[in-house]
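Student: quick check, what structure comes out for this input:
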Amino acid sequence: MDEGTPTLIRNYDFDPRFFDGRLRFTEYCKPVIGVQDSGWGLLDGMNADGLAVALAFGGRKVSGTGFGIPLLIRYVLETCSDVDEACATLSRVPVHMGYNVTVVDKTGKYATVYLNPDRPPVVIYQAVATNHQHQVEWDEYAAFTHTIERKHFLESCVANPKQTRAALIKQFLKPPLYSQQYLRGFGTLYTAAYDVDKGSVKIIWPGEAGGGELQALRRTGSASGALEAGGAIPRQVALSRRGTEGSASSCLRASLAFASFAELCAMPATITSLFAPPTSSTAPGRSRATAPSTPSSTSTTVPSWPKCLTPRRRRWKKRSQRRM
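Tutor: Numbering: from 1, shown residues only. The predicted model follows:
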C-alpha cells in the first residue's frame with residue numbers, strides 16, 4: 001500500500017430498523033465524534049487525541065456477564081489517548097459477548113483486541129478484521145456474513161503496494177465488502193473513514209461523490225448529523241488536538257462490523273465511578289450535539305402504553321368483553 005496518513009476504514013452492517021442513524025460530537029471527558037448506538041454508546045469513533053476505534057462482532061454464540069460493547073467503545077474514546085492505553089483498557093473491562101475491537105492512533109500504530117466473556121482478551125497486530133477471531137466457530141454465521149472471503153479480500157488489498165486510500169475506500173462500496181442483505185439484518189448502513197492524522201471523518205454511501213466529510217471538529221463548536229442512506233452530510237466542522245504532528249503510515253485499518261444492538265447488560269452500582277472523569281470537580285457537560293428540531297404546526301404526543309395493557313392486549317380485552 002502506498003504511503004499515507006493513518007486511517008481506519010470500516011463498514012457497518014446491520015438491520016436498518018434498529019440503527020440510531022446519528023453521528024454525534026460530544027465533550028464529556030474530551031472531544032469525541034462517532035456513530036451513536038443505544039443512546040450514548042458508540043459503534044465507532046475518534047477522539048481529539050487522534051485515537052480511532054471500531055467494533056466488529058466476533059462470530060461466537062457465547063454470552064456472559066459484562067458491559068455492552070457500545071458503552072465500552074465510548075469509555076475507551078473518553079479515557080484513552082493512544083493504542084497502548086486503549087488495549088490496556090479493553091483488556092481489563094469485561095464484555096458480555098465476543099467482539100473484535102480495532103484501534104489506530106495518529107502515530108500509525110494499530111491493533112485488534114479479541115474480546116470474549118469466557119476467555120482472556122487477546123491483542124493481535126493485523127491490518128484487517130472481520131467477523132471471526134482466530135478461527136471460525138459459528139459456521140452458519142460465517143457463511144452468512146462471508147467473513148472468510150471478506151478477510152482474504154481485504155488482506156489482498158492491503159498487501160497491494162499500489163493500493164491507495166481512495167481506491168481502498170471504493171472497495172468498501174461494492175461486494176464482497178458491501179452487503180445488501182437488509183431484509184435479513186445484514187445490510188451495509190454506512191462506510192466510515194477516520195483520518196486520525198487530520199482529525200477528519202468521512203461517511204460514505206455508494207453513488208455519493210466523496211461522501212459527507214466532517215473535518216476539523218473544534219472544542220468551541222458542535223456537530224450533529226442524521227445519517228440517511230443516499231444522502232451525504234454537507235456540514236464541515238473541525239477537531240482540535242494537542243499537537244498535529246504524526247508520522248505517516250502506509251497501514252490502513254479496515255474493520256467490518258456486525259453489532260449486537262442494544263444488548264446492554266444491567267449496570268452495577270460502580271458504573272458511576274467507573275466512567276467518571278479522573279479529575280473532575282463538576283459533572284461533565286452534556287453533549288452539544290443536538291438534532292435540529294423539525295418545524296411542526298402541531299405537537300404530537302406518543303402515548304406510552306402500560307406493559308400490562310399494550311394495544312394488542314387492549315383489542316383482545318375489547319373482543320373478550322363483547323363475547324361476555
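Student: figure out the helix or strand that the residue lying closest to Pro206 once chain neighbours are set aside lives in.
Tutor: Beyond its immediate neighbours in the sequence, the residue positioned closest to Pro206 (CB to CB, 6 or more residues apart in numbering) is Leu173, lying 4.6 Å away. Yep, even glycine has a C-beta here, placed from its N, CA and C like the rest. Leu173 is part of no helix or strand, with elements assigned from DSSP states H and E.
Student: likewise for Arg74?
Tutor: helix 69-79.
Student: could you dump the helix or strand just after that helix to PDB, C-alpha only?
Tutor: Sequence order places helix 83-92 as the next helix or strand after helix 69-79, per DSSP H and E. Coordinates of the C-alpha atoms in helix 83-92 are reproduced here as PDB (Å, rounded to 0.1, in the frame of the first residue of the first chain):
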ATOM      1  CA  VAL A  83      -3.300   2.400  21.100                       C
ATOM      2  CA  ASP A  84      -1.400   1.100  24.200                       C
ATOM      3  CA  GLU A  85      -3.900   2.800  26.500                       C
ATOM      4  CA  ALA A  86      -6.800   1.500  24.500                       C
ATOM      5  CA  CYS A  87      -5.600  -2.100  24.500                       C
ATOM      6  CA  ALA A  88      -5.000  -2.000  28.300                       C
ATOM      7  CA  THR A  89      -8.500  -0.700  28.900                       C
ATOM      8  CA  LEU A  90     -10.100  -3.200  26.600                       C
ATOM      9  CA  SER A  91      -8.200  -6.000  28.200                       C
ATOM     10  CA  ARG A  92      -9.400  -5.200  31.800                       C
END
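Student: for the helix holding Arg74, name the packing helices and strands.
Tutor: If you count contacts as 3 or more CB pairs under 8 Å, 6 or more residues apart in numbering; DSSP states H and E, helix 69-79 packs onto strand 31-37, strand 41-47, strand 51-57, helix 83-92, strand 99-105, helix 271-275.
Student: if you set the cut-off to 6 Å instead, what comes out?
Tutor: Applying 3 or more CB pairs under 6 Å, 6 or more residues apart in numbering; DSSP states H and E, one finds that helix 69-79 contacts strand 41-47, strand 51-57.
Student: tell me which of the ones you listed is the most buried.
Tutor: strand 51-57 (a mean of 29; mean count of other CB atoms under 10 Å).
Student: partner strands of that one, with direction?
Tutor: Under the criterion DSSP bridges, strand 51-57 sits next to strand 41-47 (antiparallel), strand 99-105 (antiparallel) in its sheet.
Student: quick revisit: what lies in contact with the helix holding Arg74?
Tutor: The contact list for helix 69-79, computed with CB atoms under 6 Å, 6 or more residues apart in numbering, reads 28-29, 32, 37-38, 41-42, 45, 47, 53, 55, 86, 89, 93, 95, 99, 275.
Student: select the longest strand from the chain.
Tutor: Taking DSSP state E as the criterion, the chain has its longest strand at strand 186-195.
Student: so it versus strand 41-47, what angle?
Tutor: With axes from the mean of the first three to the mean of the last three CA atoms, to 10 degrees as the basis, strand 186-195 and strand 41-47 are set at 20 degrees to each other.
Student: avg pLDDT for strand 186-195?
Tutor: Strand 186-195 carries an average pLDDT of 97.
Student: repeat for stretch 45-64
Tutor: On average, stretch 45-64 scores 97.
Student: would you list the phi and psi of Arg60?
Tutor: phi -130, psi 150 (degrees, to the nearest 10).
Student: can you pull the contacts of it?
Tutor: Contacts of Arg60 by CB under 6 Å, 6+ apart are 98, 137.
Student: shaky segments in the stretch 201-324 of the chain?
Tutor: For the stretch 201-324 of the chain, applying pLDDT under 70 flags the ranges 208-324.
Student: at 90 what do you get?
Tutor: 206-324 (pLDDT under 90).
Student: what packs against the longest strand of the chain?
Tutor: Identification of packing neighbours for strand 186-195 by 3+ CB pairs under 6 Å, 6+ apart yields strand 7-14, strand 200-204.
Student: so which of those strands is the most surrounded?
Tutor: strand 7-14 (a mean of 25).
Student: now the element after it, going C-ward?
Tutor: Heading C-terminal from strand 7-14, the first helix or strand you meet, by DSSP H and E, is strand 22-27.
Student: in its sheet, what does that next one sit against?
Tutor: Checking strand 22-27 against DSSP bridges gives partners strand 31-37 (antiparallel), strand 224-226 (antiparallel).
Student: in a strand, Pro206, correct?
Tutor: No - secondary structure of Pro206 (DSSP: H, G, I helix; E, B strand; the rest coil): coil, not part of a strand.
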